[in-house]
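*Asks:* need a structure here:
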Amino acid sequence: MIVAYDGTDFHGWQTQNRPEQTSLRTVQEVMERAVTRVVREPVNIIGASRTDSGVHANGQVATFASSNEIKPEKLVLGINSWLPDDVQIRAIDVVDESFNPIDDCTSKGYRYSLAHGCSNPLRKPLFDRRFISHTAFELNPELMNQGAKLFEGEHDFIGFTKLNHGRITTVRRIDNCSVEAIGDGRLAIYVSGAGFLWNMVRIIAGTLLEVGRGKFEPEEITDIIASGDRRRGGKTLPAHGLSLEWVSFD
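*Replies:* Now for the predicted structure:
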């Protein structure tokens, strides 16, 4: 399944077990409920990326197994009819049982959307405020793009995640990092790679914000990465500016 969702009212993708407490609303949970209604048997949905609370998706990839043979086009219509308005199945296809959306994923692409120069309240996002973050600073996208290129390649990103990240290694490969002006006072930060640490893309975006407002020179990015010091980088930007755009497989 190719899945899109507005992450605003979700506590992330993954179902969270809270014994003797109220269940938290997650994308996986509402999807499993909808799919079960259509295929008439319990299912376990596996997503390629466990997006955090408030993060959106245009191209999440997820799978489930069912003994009932229903044509993909009918599944799309049936499941969407049971889903809430903030989740949508874009497409469904049949895959081999060996396919695993987590293990078989070769790269993911994220987009961070940011409005800048919002010290003027009339420039703050209104109708799309759930999908774009904002800052009072005027930003220079060209300088930010220069700094973004220094994130590319394989690095130890220990300084770009939370302290209790829970991962065996913090070495990650970034294939592309770029910044593009997308309109008056608006820009998008694109980051793609093999895998990401907790909050890594949002911290990269926060660090590039500091480059854009002139606090850091673009070439300082190399030293900030090498330092491994979380205090050297920028703030973790809000979740609602981030969207999982696509997932790629060999």
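*Asks:* mind listing the helices for the protein?
*Replies:* With DSSP state H as the definition, the chain shows helices at residue ranges 27-39, 72-82, 141-148, 200-212, 220-227.
*Asks:* Residue 193 is nearest to which of those helices?
*Replies:* Shortest separation from residue 193 across the helices of the chain is recorded for helix 200-212, at 9.2 Å, computed as Cβ to Cβ. Quick note: C-beta positions are derived from backbone N, CA and C, even for glycine.
*Asks:* And the contacts of the closest one?
*Replies:* Contacts of helix 200-212 from elsewhere in the structure, counted by Cβ atoms under 8 Å, 6 or more residues apart in numbering, are 110, 112, 114, 116, 135, 137, 139-141, 143-144, 146-148, 151, 157, 160-161, 172, 177, 179, 189, 191, 216-218, 220-221, 224, 230, 233-239, 241-242.
*Asks:* Only C-alpha atoms, please: export that helix in PDB.
*Replies:* Output for helix 200-212, consisting of C-alpha atoms alone and laid out as PDB, is shown next (Å, rounded to 0.1, in the frame of the first residue of the first chain):
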ATOM      1  CA  MET A 200      17.600  13.600  12.800                       C
ATOM      2  CA  VAL A 201      15.900  15.300   9.900                       C
ATOM      3  CA  ARG A 202      14.300  17.900  12.100                       C
ATOM      4  CA  ILE A 203      17.700  18.700  13.800                       C
ATOM      5  CA  ILE A 204      19.300  19.000  10.300                       C
ATOM      6  CA  ALA A 205      16.600  21.400   9.400                       C
ATOM      7  CA  GLY A 206      17.100  23.400  12.600                       C
ATOM      8  CA  THR A 207      20.800  23.600  12.000                       C
ATOM      9  CA  LEU A 208      20.300  24.800   8.400                       C
ATOM     10  CA  LEU A 209      17.900  27.500   9.700                       C
ATOM     11  CA  GLU A 210      20.900  28.800  11.800                       C
ATOM     12  CA  VAL A 211      22.900  28.900   8.500                       C
ATOM     13  CA  GLY A 212      20.100  30.700   6.700                       C
END
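*Asks:* Just the strands from the chain, written as ranges.
*Replies:* Across the chain, reading from the start of the chain, the strands by DSSP state E fall at 2-5, 46-47, 56-63, 87-91, 105-115, 133-134, 153-156, 171-183, 186-193, 242-249.
*Asks:* hang on, the earlier thing: any chance of the helices of the chain in TSV, with mean pLDDT, distance to residue 4 and mean neighbour count too?
*Replies:* Written out in TSV, the entries for these read as follows (pLDDT from 0 to 100; distance: least, Cβ to Cβ, whole Å; neighbours: other Cβ atoms under 10 Å):
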stretch	mean pLDDT	distance to residue 4	mean neighbour count
helix 27-39	97	10	20
helix 72-82	97	11	15
helix 141-148	98	26	20
helix 200-212	98	18	26
helix 220-227	97	32	17
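*Asks:* Select, out of the strands of the chain, the one closest to residue 40.
*Replies:* strand 87-91 (17.4 Å).
*Asks:* just checking, what packs against the closest one?
*Replies:* Using 3 or more Cβ pairs under 8 Å, 6 or more residues apart in numbering; DSSP states H and E as the contact criterion, the secondary-structure elements in contact with strand 87-91 are strand 2-5, helix 27-39, helix 72-82.
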